[in-house]
Structures are given as C-alpha cells and as structure tokens.
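# When you get a sec, could you give me coordinates for this:
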Amino acid sequence: MVAEVPLYRDLPAPPADPSAVHAWFAHTPAVAKRDLRKGFPKSLVRQDQDLHSAMQDEQVTLLATSGTTADRLQVIWEWSWWDPQERDAMRLNKLCLEGERATMAGEVGADRGLVDEVAREYSRVADALIEFVRATLTDAA
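All right, here's what the predicted structure looks like:
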C-alpha cells in the first residue's frame with residue numbers, strides 16, 4: 001500500500017515480516033508539514049481511489065488544523081475512522097471514570113447514586129458532542 005500513495009512511493013517497501021516493521025519505521029524519514037502540503041491532497045490519496053467521489057459520498061471531507069504550532073494545515077478527514085475512534089476514546093474516558101467511582105464513593109463519602117448519575121451524564125454529553133462536531137463539520141464542507 002505504501003507504494004500506492006504518491007507521498008510515500010519512493011520509500012522502501014515495508015517488510016512482510018511483522019518483527020522487522022519496527023526497524024523499517026526507525027529508518028523511515030519523518031513527514032513534515034511542508035511534505036504534506038506539497039501536492040495536497042493528491043499526494044496523500046492512493047492511486048486507485050477517487051477523492052472527488054469519496055467527498056461527494058460524504059466518506060471524507062477536507063478540513064484545516066487550528067494552526068497553533070505553525071501555519072494551518074489541510075487534512076483529509078475520514079468519517080469511517082474518526083467517528084469510531086472518537087467514540088472509543090470517549091468510552092475509555094467513561095471507563096476511567098467508572099474505575100474512579102468506588103474511590104469517589106468510598107474515600108470522599110459521595111453518594112453512589114450520584115456518582116452513577118455523573119457517569120451516565122458524562123456518556124450522554126460525550127455522544128452529543130461527537131454528533132455536534134460531526135454535524136458542524138458536515139455542514140461546513
């Protein structure tokens with residue numbers, strides 16, 4: 001797959017042996033923002049993929065970073081990856097909160113029902129936030 005992406009096509013092919021992948025990554029040069037900007041977006045799309053069609057089908061959209069560390073950078077945003085990973089991250093945070101539940105109830109003397117209610121509300125707010133961001137980005141595209 002590396003050879004199919006123009007930005008990476010000149011790199012050596014990754015090894016088939018999984019135990020050799022770490023060494024391959026160690027010798028692979030880092031990609032800088034200027035590398036990403038050069039030829040964007042076509043330099044980041046596999047040769048057999050149609051970015052225009054993917055955008056029309058709302059599978060991906062083009063966004064820009066905030067530019068807090070340097071100039072803003074355009075990126076290709078893929079919903080099929082972003083949405084599930086964001087939900088997983090929020091659920092992981094929820095699990096961390098649930099792990100703290102006994103500590104909060106035991107050490108602080110908090111009411112267990114109140115702690116459970118906070119955990120449920122956190123989960124509801126996290127799901128609503130994800131839906132809001134997704135709708136906002138879709139509307140902006």
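# can you pull out the helices in this protein?
Remark: helices assigned in the chain by DSSP state H are 21-26, 33-37, 51-56, 79-107, 112-140.
# among the ones you listed, which gets the worst mean confidence?
With a mean of 63, helix 79-107 has the lowest mean pLDDT of the helices of the chain.
# For the nearest residue to Arg46 once chain neighbours are set aside, give its distance to Ala135.
Spatially, and ignoring its direct neighbours in sequence, Arg46 is nearest to Glu4 (4.3 Å; C-beta to C-beta, 6 or more residues apart in numbering). For glycine as for every other residue, the C-beta is placed from the backbone atoms N, C-alpha and C. Note on Glu4: its distance to Ala135, by C-beta to C-beta, to the nearest Å, is 32 Å.
# How about Pro84?
Here the criterion is C-beta to C-beta. By it, Pro84 lies 17 Å from Ala135.
# Arg34 now?
Distance from Arg34 to Ala135, counting by C-beta to C-beta: 33 Å.
# likewise Asp10?
For Asp10, the distance to Ala135 - C-beta to C-beta - is 40 Å.
# go on, Ala20?
Taking C-beta to C-beta, one finds Ala20 at 44 Å from Ala135.
# so Pro6 sits right up against Gln47, yeah?
Yes - Pro6 is in contact with Gln47 according to C-beta atoms under 8 Å; the separation is 7.5 Å.
# okay, those two: which has more neighbours?
Pro6 (15 against 10; other C-beta atoms under 10 Å).
# what sits against the more buried one?
By C-beta atoms under 8 Å, 6 or more residues apart in numbering, the residues touching Pro6 are Gly39, Lys42, Ser43, Leu44, Val45, Gln47.
# which residues touch the first one?
Read it as Gly39. Gly39 neighbours (C-beta under 8 Å, 6+ apart): Pro6, Leu7.
# Repeat the analysis, applying 10 Å as the threshold.
Pro6, Leu7, Val45 (C-beta atoms under 10 Å, 6 or more residues apart in numbering).
# which one of those residues sits closest to Leu62?
Nearest to Leu62 among these: Val45, at 11.3 Å, using C-beta to C-beta.
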